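Novice: structure here, sequence nowhere to be found:
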């Protein structure tokens, strides 16, 4: 029986048929936006993949040359719109780096809390859409139900549900309302057991493992070569996280916090967690690991939020006020990458002495992550394409800018 | 290793190609001549004490002031600047490389300036150089796939140039 099946597998892969070019997207639901991927297929096997991007290009860099750095903040919301807080944070820190400013203790902890909450929300979307792309609807509903609660918390703190514009250069728009931290903690308390459910639903699900383990393997050298970052890089076994390894202005934010960088270094994860183990079929760097890294990172972010709430209440002083709308920028350039949920988000600001930047550059993490797609999709089945795309967790708003 | 040490290491083999530096800048940078770039890049990546295995970003800045009144006040001559942000996961240091270019090759408007591609050294450069070509108008000889990336293939001009004029229409679609 086993031998028979093995034989039939080889037959299926060996039969060569006419090559066909298939357009996947730009309106395909599993391309997470307006991505077009041209597949050269031989039967069910994909022999070549060419991504075409730019359908969502909105000249974000050119617009920045017309506005002051504070006026530009809402545009950063629209880069990775699933993690707008982290985009705001990246922009705010880059401006602060250029101006040579540092924020107060209280502001720092509040930033950690909202940035990590948004990381949870972003990873939840990634996990839910992963399930959806593989044909199961339940994970999508369950993760969006939880994300909704984080979005509600954000709505309370800044009035917006998606495009927050909350973490401004120099400070925050306003402090959290009364009792907000209590509601944060209540959310975390009820979310804790839900993570187990999500793991039961996908991580150890036999179909999910079959569809993702050993699919789209990205070796660590290739990941570094292509500039892949974030969970995509860490799932390949590279222990690298800018919250710990970045420039001082990023790492100072997390001073005094205890947490772990999740990466299967040496093929093993930190194993002091109650979640399902790595299945034997999974290979480091495959789609399954990219999913698993995100799921474990959610737990780390929860630790960080809890610590942040504690530290915020203990911190002295006031929240910082943001910089002036027309704050003058010094002459010079500052480039800074921060650890956003999808990878390292970089901003470069060239100041010329006026309030409006001479040039702004946005280095997007998804842009680099997806540039490795042609390499990791060679020889996979068409059905695996959606699994690989989902595992990269791209957002087109950030790729096309 | 800081930028000054790296500069000292580069001096020996590449002295004629090192055209400037600023170690006091917010992000210390070293400026190199474009023709020497691939060799310097390979050296930076392969030398064990440097080990620059990550190219974060390739970008360009257009130094050109279209407003004549303001142009009289600026302190630079019009030029383009390519910027490469590098770092090393192994040695944990960072570096910014710069290449200065004329805005037009041979000062003939419309002829794009050229810099050898580094996509053979870091694959990140592949898409990033395509983007610089698309938006800023710099050619990268040696690039495996020199197409536009964000704008449509038949788009005219390079939008991030300071003297760029938006076309009045594109295939019958009013653009202004």
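Specialist: Sure thing, it's come through. Everything numeric in this text was worked out from a predicted model, so none of it was measured.
Novice: whichever residue of chain B sits closest to chain A - how many residues pack around it?
Specialist: Closest to chain A within chain B is residue B:124: 3.5 Å, counting by Cβ to the nearest Cβ. Every C-beta, even on glycine, is put in place using the N, C-alpha and C of the backbone. Residues near residue B:124, counting by other Cβ atoms under 10 Å in any protein chain shown, number 27.
Novice: from memory it sits against residue A:225, does it?
Specialist: Yes. Judged on Cβ atoms under 8 Å, residue B:124 makes contact with residue A:225 at a distance of 7.3 Å.
Novice: can you list contacts of stretch B:22-31?
Specialist: The contact list for stretch B:22-31, computed with Cβ atoms under 8 Å, 6 or more residues apart in numbering or on different chains, reads A:97-98, A:332-335, B:2-4, B:6-7, B:10, B:18-21, B:83, B:85, B:94-100.
Novice: tell me the average confidence for that stretch?
Specialist: Average pLDDT, stretch B:22-31: 88.
Novice: distance from the chain centre to that stretch, please.
Specialist: 15 Å (Cα atoms, centre = their mean, to the nearest Å).
Novice: please name the residues that touch residue 142.
Specialist: Just going to use chain A. So residue A:142 contacts A:128, A:194, A:197-198, A:201 (Cβ under 8 Å, 6+ apart).
Novice: my question was about chain B
Specialist: By Cβ under 8 Å, 6+ apart, the residues touching residue B:142 are B:38, B:116-117, B:119-120.
Novice: can I get the residues you listed in TSV including secondary structure, distance to residue B:76 and neighbour count?
Specialist: TSV is the format used below for these (DSSP: H, G, I helix; E, B strand; the rest coil; distance: Cβ to Cβ, whole Å; neighbours: other Cβ atoms under 10 Å in any protein chain shown):
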residue	secondary structure	distance to residue B:76	neighbour count
B:38	helix	27	17
B:116	coil	24	19
B:117	coil	26	23
B:119	coil	29	23
B:120	coil	31	15
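Novice: interface residues of chain A facing chain B?
Specialist: Within chain A, the residues that sit near chain B (Cβ under 8 Å from any Cβ of the partner chain) are A:53-54, A:57, A:59, A:61-62, A:97-98, A:222, A:224-227, A:238, A:240, A:245, A:247, A:332-335, A:337, A:344, A:346, A:348, A:350, A:358-359, A:361, A:363, A:367-368, A:371-372, A:400-401.
Novice: how does it look with 6 Å?
Specialist: Applying Cβ under 6 Å from any Cβ of the partner chain, we find that chain A lies next to chain B at A:54, A:57, A:62, A:224-227, A:240, A:332, A:334-335, A:346, A:350, A:359, A:361, A:363, A:368, A:371.
Novice: ok, the residue positioned nearest the centre of chain A - contacts?
Specialist: Compute the mean C-alpha point of chain A, and by Cα atoms, centre = their mean the closest residue is residue A:342, 1.9 Å away. Listed by Cβ atoms under 6 Å, 6 or more residues apart in numbering or on different chains, the contact partners of residue A:342 are A:230, A:365-366, A:393.
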